[in-house]
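**Student:** kindly generate the corresponding structure for this input.
(one chain, ligands or ions: 2)
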Amino acid sequence: MSHIDLFRTRNYIAGEWIDSARHYSVNDPATGQKLADVACAGADEANAAIAAAGLAGASWRRQLARDRGQVLRRWSQLMIERRDDLAALLTAEQGKPLAEARGEVAYAASFLEWFAEEGRRAYGEVVPTHKAGARVIVTKEPVGVVGAITPWNFPLAMVTRKVGAALAAGCTMVLKPSEETPLSAFALAVLGEQAGVPPGVFNVVSGDAPAIGQAVMASELVRKISFTGSTRVGKLLMRQASDTLKRVSLELGGNAPFIVFDDADIEAAVAGAIASKFRNAGQTCVCVNRFLVQDGIHDRFVERFAEAIRALKVAPGDAAGSEIGPLINAAALAKVERHVADAKGLGARVVVGGQPHALGGTFYQPTLLTEASPAMQFAQEETFGPIAACFRFRTDDEAIALANDTPFGLSAYFYSRDLARVWDVSERLQVGMVGVNEGLISTEVAPFGGVKESGMGREGSSHGLDDYLNLKYVLLGGLRNGA
Ligand SMILES: NC(=O)c1ccc[n+]([C@@H]2O[C@H](COP(=O)([O-])OP(=O)(O)OC[C@H]3O[C@@H](n4cnc5c(N)ncnc54)[C@H](O)[C@@H]3O)[C@@H](O)[C@H]2O)c1
Ligand SMILES: O=C[C@H](O)CS(=O)(=O)O
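**Tutor:** Numbers count the residues shown, from 1 in each chain. Ligands and ions are numbered 1, 2, ... in the order given. Take a look at the predicted model:
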């Protein structure tokens, strides 16, 4: 089955596909060729979507959690049934290898399945009363209309990580996906409609990001913002949210350290390093940005890591065996080149790669640098590309100080087989998520999120629903004193 029935280029508002006067191009990052002209939504479309979400809210909220869950579970099943078509569309607009795109479809579907059940566990409380003839009751209620804004690097998973929780909680949503990758979000809406999501419960508007953002942020009806993207934009949205005191969840940038201690299993560390650095060509928020390698193991680790990096296959995402696809756009390539040039200028040594790939366009060679230092740009900024930079360290304290020396605090990884060290280092790292002897940590069952300038709130897990619920306390008086 082709993905043609999933291929939509208009905005999805109140269950209708709405065109706009203006259009913008969505391109294939592997070829630069235009994939689609997409209706360019602005403030008018955003306000129409907000009104639709408001109108749909009361009936969706009244549905039984079990019934909302059935719709989410069916949506998840439809995603899996259409996995190949969704993956093909995702690779076409985002560029990641098809194998990774298929993985993202399953990962994205897992959030809908997970929250199909979590929505049935939004338990309240009856608290032992402080007052005779009265009862203390605590309930959880949906926050209402949610504005969601998502990035281009995971065009499906970053959406379902939000819409699954929001709809399970009884909320309705206006989603603005990245204008780089709107097609996957439109395809998701097609399947949502087939799964039974009522008109207005899930709306998708893409186009003029600042105009849509301002309309969403200014609306009194929108009571919650859930944003995934750069720290820069996250701070802007948090400021805008204060005008109407919206609740805010922010999943922002990262600068993950990957610490290799002398006692590490070196083969496991290399495998973890490849997985956590080069997924999506290094374009994930939890990709390693700094490798910290203890002196005693440094040279052996660098040698094995270099061999593994040289073996990575760079190719368009739809090519057989592709492992490293193109970067999303020319600006992303320019940032990677800037970081490599800066590092070389400050003494870094290029062990592997270090140049744009012969394929041209936005393809870049998987790169390994050594002799890195904190003064280099990638030590403070997110590179978001296939660049691995190794720093040396001597002691545990030095490694932890280096790891925490960043405004970000999303994820960190380290390899050690010393239990005392594992507990000590895990507790002292200033991040939201730690991989110990593991390079891939993202799952729907665990709370995903960061601290410091990596954001606030958690997605997935049994905590993810809380971001879409308000607590209400009822003191029920005029009762008999009871037994
Ligand atoms: N923590 C996480 O879970 C997580 C996950 C994925 C990506 N990210 C981060 O996202 C970034 C890469 O994604 P990106 O380039 O799409 O980020 P970005 O911040 O440039 O854009 C993210 C979204 O915000 C929108 N946006 C931009 N300016 C806006 C404005 N003024 N008003 C309203 N919306 C606006 C964009 O259109 C897009 O939909 C990286 O920093 C990465 O670390 C974080
Ligand atoms: O970019 C970071 C996203 O959160 C992707 S994942 O959850 O790590 O797969």
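**Student:** contacting residues for Ala379?
**Tutor:** By Cβ atoms under 8 Å, 6 or more residues apart in numbering, the contact set of Ala379 is 255, 289-290, 372-373, 389, 405-406. Backbone N, C-alpha and C define where each C-beta goes, glycine included.
**Student:** in helices, which of the residues you listed appear?
**Tutor:** Among the contacts of Ala379, no member falls in helices (DSSP state H).
**Student:** give me the buried subset of these.
**Tutor:** The neighbour count (16 or more other Cβ atoms under 10 Å) marks 255, 289-290, 372, 389, 406 as buried among the contacts of Ala379.
**Student:** out of these, list just those in strands.
**Tutor:** Among the buried ones among the contacts of Ala379, the members falling in strands are 289-290, 389 (criterion: DSSP state E).
**Student:** which residue is nearest the centroid of the chain?
**Tutor:** Of all residues in the chain, the one closest to the mean position by Cα atoms, centre = their mean is Met158, 4.5 Å from it.
**Student:** coming back round to it: from the contacts of Ala379, which is closest to ligand 1?
**Tutor:** The nearest member of those to ligand 1, counting by Cβ to the nearest ligand atom, is Asn255 at 9.1 Å.
**Student:** quick check: that closest one touching Gln377?
**Tutor:** No. With contact defined as Cβ atoms under 8 Å, Asn255 does not reach Gln377; the gap is 10.9 Å.
**Student:** ok so, going back, let's have the buried ones among the contacts of Ala379 in CSV, adding distance to ligand 2 and pLDDT.
**Tutor:** Listed next are the buried ones among the contacts of Ala379 as CSV, based on distance: Cβ to the nearest ligand atom, whole Å; pLDDT from 0 to 100:
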residue, distance to ligand 2, pLDDT
Asn255, 13, 97
Asn289, 12, 96
Arg290, 17, 98
Ala372, 22, 97
Ala389, 19, 98
Thr406, 17, 97
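**Student:** and Gly435, what does it touch?
**Tutor:** 272, 276, 411-414, 441.
**Student:** can you rerun that using 10 Å?
**Tutor:** Contacts were defined as Cβ atoms under 10 Å, 6 or more residues apart in numbering; by that measure Gly435 touches 256, 258, 272, 275-276, 286, 288, 411-415, 426, 441-442.
**Student:** now name the helix or strand holding the residue nearest to the centre of the chain.
**Tutor:** Under the criterion of DSSP states H and E, Met158 resides in helix 157-169.
**Student:** alpha carbons of that helix, as PDB, please.
**Tutor:** The C-alpha trace of helix 157-169 is given here as PDB (Å, rounded to 0.1, in the frame of the first residue of the first chain):
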ATOM      1  CA  ALA A 157       7.200  10.600  18.200                       C
ATOM      2  CA  MET A 158       7.400  14.100  19.500                       C
ATOM      3  CA  VAL A 159       3.700  14.600  18.600                       C
ATOM      4  CA  THR A 160       2.300  11.300  20.000                       C
ATOM      5  CA  ARG A 161       4.300  11.800  23.200                       C
ATOM      6  CA  LYS A 162       2.100  14.900  23.700                       C
ATOM      7  CA  VAL A 163      -1.200  14.000  22.000                       C
ATOM      8  CA  GLY A 164      -1.400  10.600  23.700                       C
ATOM      9  CA  ALA A 165      -1.200  12.100  27.200                       C
ATOM     10  CA  ALA A 166      -3.300  15.100  26.400                       C
ATOM     11  CA  LEU A 167      -6.200  13.100  24.900                       C
ATOM     12  CA  ALA A 168      -6.000  10.400  27.500                       C
ATOM     13  CA  ALA A 169      -6.400  13.100  30.200                       C
END
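**Student:** state the next helix or strand along the chain beyond it.
**Tutor:** Next along the chain after helix 157-169, taking DSSP H and E as the criterion, comes strand 172-176.
**Student:** got the buried residues for that next one?
**Tutor:** Neighbour-count burial for strand 172-176 [16+ other Cβ under 10 Å]: 172-176.
**Student:** and ligand 1, which of those contact it?
**Tutor:** Lys176 (Cβ under 6 Å from any ligand atom).
**Student:** could you dump the buried residues of strand 172-176 into TSV and include distance to Pro29 and pLDDT?
**Tutor:** As requested, the buried residues of strand 172-176 are exported to TSV (distance: Cβ to Cβ, whole Å; pLDDT from 0 to 100):
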residue	distance to Pro29	pLDDT
Thr172	32	99
Met173	27	99
Val174	27	99
Leu175	22	99
Lys176	20	98
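**Student:** now, which of the buried residues of strand 172-176 sits nearest ligand 1?
**Tutor:** Minimum distance to ligand 1 across the buried residues of strand 172-176 is 5.7 Å, recorded for Lys176 (Cβ to the nearest ligand atom).
**Student:** my read: that closest one touches Val216, true?
**Tutor:** Yes. If you go by Cβ atoms under 10 Å, Lys176 and Val216 touch, sitting 7.1 Å apart.
**Student:** so what sits against both of the two?
**Tutor:** Taking Cβ under 10 Å, 6+ apart as the contact rule, Lys176 and Val216 both touch 46, 49, 147-149, 205.
**Student:** just the ones of these in strands?
**Tutor:** 147-149.
**Student:** in the stretch 1-150 of the chain, which residue sits closest to ligand 2?
**Tutor:** Counting by Cβ to the nearest ligand atom, the stretch 1-150 of the chain gets nearest to ligand 2 through Tyr107 (6.2 Å).
**Student:** can I get the ones in strands among the buried ones among the contacts of Ala379 in TSV with distance to ligand 1?
**Tutor:** Listed next are these as TSV, based on distance: Cβ to the nearest ligand atom, whole Å:
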residue	distance to ligand 1
Asn289	10
Arg290	15
Ala389	17
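**Student:** if anything else comes up later, I'll come back, but that's it for now.
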